[in-house]
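> sequence first, then the predicted structure, then my questions.
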2 protein chains.
Amino acid sequence: MTPSRSATAAIAEPPERLKADLGWLCAQTLMAYRRAAEPAMETMPGGMRGYLVLAAAASGCANNQLEVARRLGVDRSVMVGLLDTLEDAGLVARKPNPTDRRERTIAITAAGNKRLTAIQTRLERATEHVLAPLSAGQRDGFLDALHTVVAHLALSETSPPMDGCA
Amino acid sequence: MTPSRSATAAIAEPPERLKADLGWLCAQTLMAYRRAAEPAMETMPGGMRGYLVLAAAASGCANNQLEVARRLGVDRSVMVGLLDTLEDAGLVARKPNPTDRRERTIAITAAGNKRLTAIQTRLERATEHVLAPLSAGQRDGFLDALHTVVAHLALSETSPPMDGCA
DNA sequence: GCGAATCATCTTGTTCTCAGACGATCGGTG
DNA sequence: CACCGATCGTCTGAGAACAAGATGATTCGC
């Protein structure tokens, strides 16, 4: 396969040696999702990560912001600026945790909740776009498996007991 | 669910509002994979991306380095340094493409091939670790679906015809 | 042959990330 | 109650990653 541009070949297949690589496959899928989600994200302060913080706050698992930072894989000092942005936009509010005044619980506001559902509606379309080549059954099985994997990670990675967050 | 550390709760479930978010699920899975693959990667010049370049070269789809850069999602000027590192380690060699002397084909060396298969053996274990909670059937279906998605992306994203690379 | 375009490279300026320091607060010990 | 270590949120500075333009070599259409 030395000649570069042959007449008929027009499809860019993934490299053979990476077809079984979970990291490659996930990264490609994630890149595609990010591209598809870009238009929905550009109105969101803090971009994709701002949205994730918002979703965590709405799910009631943001009792302290360090916990959220760990879960999102961002540094704690980055989280500070991120929350500043979200707070300036009026989407969340930092409230001191009465039981431990060192911590700040991240409370989502009414505007934040509205914005969150709006964004998630648009993100569903991005998901549909990425998962378009799958049949309905394949799609459900795929998401089920993905969810199983992530749920299993959550309870295996962090040995110290953490607060359950529905 | 206001109290933070209750007596019984010890499981960190994913946030409710993100359970259906493909981006979140993929990102979590990818993060776990990266963590599991870290020990295998630290001996690899250029880290994860060095490995990806090596795999692309071994698959014969590295006729010019800009193509590889696009596929990996890295900037072309980053690719220069990345290839310098790999070349210094003796894993690949830049060879001028005889049909178009502007391009440099990235040729994998014998040492590079050996290193690649060694790394991939270790990466298989990382994949097994992440996919551990799935049954064998689920696992195969999951990887099949993932592969379908990525293959479909490859031919839908890039409208201009590219060289097929098996 | 000549101008436009492309590839690889280098350089520069901006942005992001990471590690440490610091004040405020909690928990336990005596 | 006063101390001591640890934790949380915040800030700051150094280092790395990234994006964008300029350059030289080369190819392609006309």
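Cool, the structure landed.

> where along chain A do the strands fall?
A:92-96, A:104-108 (DSSP state E).

> helices or strands up against the first one?
Identification of packing neighbours for strand A:92-96 by 3 or more Cβ pairs under 8 Å, 6 or more residues apart in numbering or on different chains; DSSP states H and E yields helix A:47-58, helix A:76-88, strand A:104-108. Glycine gets a C-beta too; all of them are placed from N, C-alpha and C.

> partner strands of the last one, parallel or antiparallel?
Which is strand A:104-108. Using DSSP bridges, the neighbouring strands of strand A:104-108 in the sheet come out as strand A:92-96 (antiparallel).

> what's the angle from the partner strand to helix A:76-88?
Relative orientation of strand A:92-96 versus helix A:76-88 (axes from the mean of the first three to the mean of the last three Cα atoms, to 10 degrees): 120 degrees.

> tell me the average confidence for stretch A:81-100?
If you average the pLDDT over stretch A:81-100, you get 95.

> correct me, but A:R122 touches A:T43?
No - judged on Cβ atoms under 8 Å, A:R122 makes no contact with A:T43 at a distance of 9.5 Å.

> which one of the helices and strands packed on strand A:92-96 lies closest to DNA strand D?
Each of the helices and strands packed on strand A:92-96 was checked against DNA strand D via Cβ to the nearest atom of the strand, and the shortest separation belongs to helix A:76-88, namely 3.2 Å.

> does that closest one reach DNA strand D?
Yes - counting by Cβ under 7 Å from any atom of the strand, contacts between helix A:76-88 and DNA strand D involve A:76-77, A:79-80, A:83-84.

> which parts of that helix are buried?
Of the residues in helix A:76-88, those buried by neighbour count under the rule 16 or more other Cβ atoms under 10 Å in any protein chain shown are A:79, A:82-83, A:85-87.

> what parts of chain A come near DNA strand D?
Proximity of chain A to DNA strand D (Cβ under 7 Å from any atom of the strand) is limited to residues A:64-66, A:76-77, A:79-80, A:83-84, A:94, A:102-104.

> still on that earlier bit, mean neighbour count for the strands of chain A - can I get that in JSON lines?
Listed next are the strands of chain A as JSON lines, based on neighbours: other Cβ atoms under 10 Å in any protein chain shown:
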{"stretch": "strand A:92-96", "mean neighbour count": "15"}
{"stretch": "strand A:104-108", "mean neighbour count": "21"}
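
> B:L22: which of the ones you listed is closest?
The closest approach between B:L22 and any of these, judged by Cβ to Cβ, belongs to strand A:104-108 at 22.0 Å.

> which residues touch that closest one?
Identification of contacts with strand A:104-108 by Cβ atoms under 8 Å, 6 or more residues apart in numbering or on different chains yields A:53-54, A:56-58, A:62-65, A:68, A:83, A:91-97, A:116.

> what ranges does chain A have for its helices?
Assigned helices in chain A, in chain order: A:22-41, A:47-58, A:65-72, A:76-88, A:110-130, A:136-157 (criterion: DSSP state H).

> is the second one anywhere near DNA strand C?
No - for helix A:47-58, no contact with DNA strand C is found by Cβ under 7 Å from any atom of the strand; the gap never falls below 8.0 Å.

> quickly check: that helix near chain B or not.
Yes - contact between helix A:47-58 and chain B is present through A:48, A:52, A:55-56, A:58 (criterion: Cβ under 8 Å from any Cβ of the partner chain).
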